[in-house]
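Colleague: have a look; sequence and predicted model below, questions after that.
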Amino acid sequence: MAPVGMAEDLPWTSAWVTGASAGIGRALALRLAAGGCAVTASARDTGALKKLHDEHVAITPLPLDVTDTAAVMAAVPALEARQGPLDLAVFNAGTYEPLPGGLGDPEVFRHHMEVNYMGVVNGLHGVVPAMKERGRGQVALMGSLSGYRGLPRAACYGPTKAALINLAETLRTELRGSGVDLRIVNPGFVATRLTDKNDFTMPDLMTAPDAADAIIRGLEGRGFEIAFPRRFALFMKLARLLPYGLFFPLAARLARG
Ligand SMILES: NC(=O)c1ccc[n+]([C@@H]2O[C@H](COP(=O)([O-])OP(=O)(O)OC[C@H]3O[C@@H](n4cnc5c(N)ncnc54)[C@H](OP(=O)(O)O)[C@@H]3O)[C@@H](O)[C@H]2O)c1
């Protein structure tokens, strides 16, 4: 596979990436555009989206707050009229505040759920009905390996990702035979402004362009779950299987940093 930035034909012609103003979403939008795909890039930061368009003309900014259900629903017909029916939607927008101690302001919990979970639910209601009508389309939900188990500092964030994994499992079955191919993306640690907030050593930390490559490879493949990097994903899969008697001592060690 060609590295990020190099032209290479990808199987999609019309894509939508939310949370594209920074980090993984930004790298993914550039990667898709370099592969010949028309991309609508959404986020709240209009200046950052404009810069993205300046970097690649195939990327069209669509400023949007994913928590605004009406705006998300209205966005889809408009973007499809401009760049053609979506054959890929990546619901990537997300937020994260580490919370040592586990409790804080309930509004911060609510905000995480609104952005990370309801933002995706809004997007799904925007794109899936038309994809079902056409009998084709691919949708990716941005989960996280941290959704596997309750981890220290992740009280606001982890449950939103666990909810997305659960939702994706349900929808995978519900959409069976519809032609809509729904996936869950579960990254480990990726160096972005989001993980800049972590004050602990992050194992197997990868770059956003490498994460974008892993997502593209996964979407081109057939697996329901796109989990990476391989070694840390395996560690988390094993951690998911641990009984509580073994899991809590491990979590206590992680909490010490
Ligand atoms: N970095 C990691 O290690 C890691 C690991 C696993 C999963 N993830 C997931 O990957 C996704 C991208 O994270 P990242 O690390 O690339 O973080 P990031 O650099 O902070 O990017 C987050 C993106 O989400 C957008 N966003 C936040 N709130 C939004 C809202 N209300 N409406 C629309 N867009 C909004 C941000 O844009 P604006 O601020 O301009 O709106 C930004 O484009 C998230 O879902 C995150 O949970 C990240």
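Modeller: That came through, no problem. Since the structure is predicted, the reported quantities are computational estimates derived from the model, not experimental observations.
Colleague: for A89, pull up the helix or strand it's in.
Modeller: strand 88-91 (DSSP states H and E).
Colleague: in the stretch 51-200 of the chain, what residue lies closest to the ligand?
Modeller: G94 (2.2 Å; C-beta to the nearest ligand atom). C-beta coordinates here come from the backbone N, C-alpha and C atoms, glycine included.
Colleague: nearest spatial neighbour of that residue, skipping sequence neighbours?
Modeller: Closest residue in space to G94, ignoring its immediate chain neighbours: N116 at 4.9 Å, by C-beta to C-beta, 6 or more residues apart in numbering.
Colleague: around the one you found, how many other residues sit close by?
Modeller: By other C-beta atoms under 10 Å, 28 other residues sit near N116.
Colleague: where does the stretch 101-250 of the chain come near the ligand, residue by residue?
Modeller: Residues of the stretch 101-250 of the chain lying close to the ligand (C-beta under 6 Å from any ligand atom) are 115, 142, 144, 187, 189-190, 192-195.
Colleague: where does the protein have low pLDDT?
Modeller: Low-confidence segments of the chain, defined by pLDDT under 70, span residues 1-8.
Colleague: quick one, longest strand in it?
Modeller: Among the segments of the chain that qualify as a strand by DSSP state E, the longest is strand 180-187.
Colleague: let me know the helix or strand that V128 is in.
Modeller: Counting by DSSP H and E, V128 is found in helix 119-134.
Colleague: how far does the helix or strand following that helix sit from its chain's centre?
Modeller: Heading C-terminal from helix 119-134, the first helix or strand you meet, by DSSP H and E, is strand 137-142. Once both centres are worked out by C-alpha atoms, centre = their mean, to the nearest Å, strand 137-142 turns out to sit 9 Å from its chain's centre.
Colleague: what lies in contact with strand 137-142?
Modeller: 12, 19, 24, 85-94, 120, 124, 127-128, 130-131, 164, 167-168, 179-185, 187, 215, 219, 226 (C-beta atoms under 8 Å, 6 or more residues apart in numbering).
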